[in-house]
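Engineer: From the sequence below, what's the structure:
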Amino acid sequence: LSFAPPSGGAARVAFVAGNVDELRARLAKVECALSSGPARSTSEFFYSDDVPLEPASVAFLFPGQGSQQVEMLSELLLSYPELCDLYESADAELKNELARPLSSLIFPPPTFDPEERKAQKTRINDTRVAQPALALSDVLVARLLERFGVEPAMVAGHSFGEYVALWKAGVYPFEQLLRMAAARGRAIARAEEGGRGGMAAVIADESRTRALLDELELPLAIANLNAPEQTVVAGPVEVIERAVKAIEERGVSCRRLPVSAAFHTKELASAREELEPVFEAGTWNEPERPVFSNTSAGRYPSEPAEIRELLLRHVSEALRFTDEVRAMHDAGARVFVEVGPKSALTGLVSRILEGREHVAMATNRAPALAWRDFCGALAELAALGLPLELAEAFEGRGLERIDIEELARRERAQSELKVTDWLVDPSLSRPAHA
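Structural biologist: Sure thing, here's the model as predicted:
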């Protein structure tokens with residue numbers, strides 16, 4: 001809805017309704033909020049009276065490993081079955097890579113057996129499955145956003161998500177993304193064998209963490225800088241165990257992460273070596289839009305050979321996500337859309353850019369509400385003033401377009417009916433005030 005608020009100018013309100021009754025309820029709450037004082041967004045609707053959003057300020061962020069789950073985004077796929085082609089292509093591309101079709105690992109047969117449910121989760125969390133599964137799921141959401149006219153001015157990803165960001169920028173085709181995801185999963189799984197490496201999250205900034213490592217003489221590497229007050233360290237398991245205890249004794253929160261390798265450190269040099277021939281065999285193009293790097297925290301170069309080299313470094317060098325998000329903000333990004341399952345990056349962006357003008361939103365927060373969450377993200381973008389192609393939502397669904405003014409006239413007419421009046425049409429009769 002677009003309208004002129006009492007203060008002048010223009011304003012927009014958007015919300016998600018599952019049926020006409022919910023639509024009426026939402027409209028009533030909007031009317032109440034607008035008539036009772038300065039309006040603002042609530043849990044029921046999104047409101048904005050700012051200048052409409054410029055498409056050049058939209059950034060996509062693709063989540064990495066850890067966001068995967070069984071049945072992820074199934075509701076979106078059921079709503080758009082034509083996108084099953086993506087899953088069929090992935091199954092064909094990876095038929096010699098995985099013991100089962102990838103689609104059957106993401107969407108296994110329903111079961112009431114607790115042990116089988118546990119086994120399904122174990123299979124999707126296997127690095128060799130998780131990375132191609134996330135590539136496929138992230139691409140599904142990106143394709144849906146395209147259909148509604150939402151395109152990013154710039155892109156980035158967290159850890160493995162950077163591979164999907166480069167796909168979105170046109171650096172390589174979808175099939176190559178899948179092959180690289182499978183190769184990276186294999187290489188990292190081999191590095192995990194034996195469980196000799198580990199990681200721990202320190203609730204402190206980089207300088208404080210480095211000071212603690214020096215003071216305690218702990219030979220660990222900085223692996224991830226996810227947020228201003230969180231630094232992830234990595235190294236041999238025995239040193240990680242010692243570090244968690246010693247850092248906690250210094251009054252700084254520190255917890256071991258459930259991984260069995262020192263990711264994003266030189267301990268993954270073997271993974272880089274395995275990836276090199278896969279990268280060399282691929283097709284690499286100049287990016288169609290800016291892509292930001294976890295490794296450099298800046299923009300990827302435009303030369304394909306330099307892109308390939310920087311992505312090779314990615315697996316065995318520190319992930320500088322905090323600086324990367326700030327660099328994107330400096331480049332003009334104001335709306336950060338997390339494109340894929342869960343909402344881990346949305347929370348990180350909010351912490352990184354606290355006090356700066358920005359909006360961080362997820363396209364999928366709750367597994368059981370994938371369609372409503374996706375529509376919620378579209379509603380928030382609409383309230384911000386981004387032009388959307390909403391006809392896509394109603395195409396081929398046999399739905400009637402409802403004119404809001406006509407709905408209001410009907411409501412007024414019905415309110416004038418007596419308690420004893422009935423409404424009758426060829427298919428239904430009911431009391432007017434039922």
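Engineer: Show the average pLDDT along stretch 352-364.
Structural biologist: Averaged across stretch 352-364, pLDDT comes to 96.
Engineer: Next: stretch 73-85.
Structural biologist: Taken as a whole, stretch 73-85 has a mean pLDDT of 90.
Engineer: now stretch 50-68
Structural biologist: Averaging pLDDT along stretch 50-68 gives 91.
Engineer: How far off centre is it?
Structural biologist: Stretch 50-68 has its C-alpha centroid displaced from the chain centroid by 8 Å (CA atoms, centre = their mean, to the nearest Å).
Engineer: State the distance spanning the first to the last residue of it.
Structural biologist: 36 Å (CA to CA, to the nearest Å).
Engineer: Pull out the buried positions in it.
Structural biologist: Buried residues in stretch 50-68, counted by 16 or more other CB atoms under 10 Å: 53, 57-68. In this view, the C-beta of every residue, glycine as well, is placed from N, C-alpha and C.
Engineer: before we move on, what about stretch 11-22?
Structural biologist: In terms of neighbour count (16+ other CB under 10 Å), stretch 11-22 has its buried residues at A11, R12, V13, A14, F15, V16, A17.
Engineer: doesn't the third one fall inside a strand?
Structural biologist: Yes. Per DSSP: H, G, I helix; E, B strand; the rest coil, V13 lies within a strand segment.
Engineer: Settle this for me: it is touching V30, isn't it.
Structural biologist: Yes. Using CB atoms under 8 Å, V13 makes contact with V30 at a distance of 5.4 Å.
Engineer: what's G396 in contact with, if anything?
Structural biologist: By CB atoms under 8 Å, 6 or more residues apart in numbering, the contact list for G396 is empty.
Engineer: Below-threshold pLDDT in this structure: ranges please.
Structural biologist: 1-9, 37, 194, 397, 399, 404, 408, 411-417, 425-427, 432-434 (pLDDT under 70).
Engineer: of all the buried residues of stretch 50-68, which comes closest to E357?
Structural biologist: For the buried residues of stretch 50-68, the residue nearest E357 by CB to CB is S57; the value is 9.7 Å.
Engineer: Hmm, the closest one is touching A331, no?
Structural biologist: No. Contact criterion CB under 8 Å: S57 and A331 do not qualify, at 9.8 Å.
Engineer: what sits against A165?
Structural biologist: F60, L61, F62, V155, A156, G157, V291, F292.
Engineer: Tabulate those residues (JSON lines), appending secondary structure and distance to L23.
Structural biologist: Converted to JSON lines, the contacts of A165 look like this (DSSP: H, G, I helix; E, B strand; the rest coil; distance: CB to CB, whole Å):
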{"residue": "F60", "secondary structure": "strand", "distance to L23": "30"}
{"residue": "L61", "secondary structure": "strand", "distance to L23": "31"}
{"residue": "F62", "secondary structure": "strand", "distance to L23": "33"}
{"residue": "V155", "secondary structure": "strand", "distance to L23": "34"}
{"residue": "A156", "secondary structure": "strand", "distance to L23": "36"}
{"residue": "G157", "secondary structure": "strand", "distance to L23": "36"}
{"residue": "V291", "secondary structure": "strand", "distance to L23": "40"}
{"residue": "F292", "secondary structure": "strand", "distance to L23": "39"}
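Engineer: possible to save the residues you listed as TSV with distance to S43?
Structural biologist: Shown next, in TSV, are the contacts of A165 (distance: CB to CB, whole Å):
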residue	distance to S43
F60	25
L61	23
F62	27
V155	29
A156	29
G157	29
V291	34
F292	32
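Engineer: which one of these is nearest L105?
Structural biologist: Nearest to L105 out of the contacts of A165 is F62 (CB to CB; 19.9 Å).
Engineer: Check whether the closest one really touches A169, as I assumed.
Structural biologist: No. If you go by CB under 8 Å, F62 and A169 don't touch, sitting 11.0 Å apart.
Engineer: between the two, what contacts are shared?
Structural biologist: V155.
Engineer: Quick check: buried residues in stretch 92-102?
Structural biologist: For stretch 92-102, the neighbour count (16+ other CB under 10 Å) marks E93, L94, E97, L98, P101, L102 as buried.
Engineer: Check the gap between the first one and L102 for me.
Structural biologist: Counting by CB to CB, to the nearest Å, the gap between E93 and L102 amounts to 9 Å.
Engineer: Ok, the second one next?
Structural biologist: When distance is defined by CB to CB, L94 is 5 Å away from L102.
Engineer: so what's in contact with these two at the same time?
Structural biologist: P132.
Engineer: so who does the closest residue to P367 other than its chain neighbours touch?
Structural biologist: Spatially, and ignoring its direct neighbours in sequence, P367 is nearest to Q69 (6.0 Å; CB to CB, 6 or more residues apart in numbering). By CB under 8 Å, 6+ apart, Q69 lies in contact with K121, I124, P341, K342, P367.
Engineer: Now Q69: which helix or strand?
Structural biologist: Using DSSP states H and E, Q69 is not contained in any helix or strand.
Engineer: For the helix or strand harbouring L178, which helices and strands make contact with it?
Structural biologist: Using DSSP H and E, L178 sits in helix 174-192. Identification of packing neighbours for helix 174-192 by 3 or more CB pairs under 8 Å, 6 or more residues apart in numbering; DSSP states H and E yields helix 84-93, helix 127-147, helix 161-168, helix 269-280.
Engineer: Which among these is found nearest to A297?
Structural biologist: It's helix 161-168; of the helices and strands packed on helix 174-192, that one is closest to A297 (CB to CB) at 11.8 Å.
Engineer: That closest one vs helix 127-147, what angle?
Structural biologist: Computed by axes from the mean of the first three to the mean of the last three CA atoms, to 10 degrees, the angle separating helix 161-168 from helix 127-147 equals 40 degrees.
Engineer: give me the number of residues near the closest residue to S253 other than its chain neighbours?
Structural biologist: Leaving aside its sequence neighbours, S253 sits nearest to I203 (CB to CB, 6+ apart; 4.0 Å). By other CB atoms under 10 Å, 15 other residues sit near I203.
Engineer: isn't V259 right up against M199?
Structural biologist: Yes. The criterion here is CB under 8 Å, and V259 meets it with M199 at 5.3 Å.
Engineer: And those two? Which one has more around it.
Structural biologist: Neighbours of V259 and M199, each counted by other CB under 10 Å, are more numerous for M199; the result is 24 against 20.
Engineer: Kindly state the beta-bridge partners for the more buried one.
Structural biologist: With DSSP bridges as the criterion, M199 is bridged to A234.
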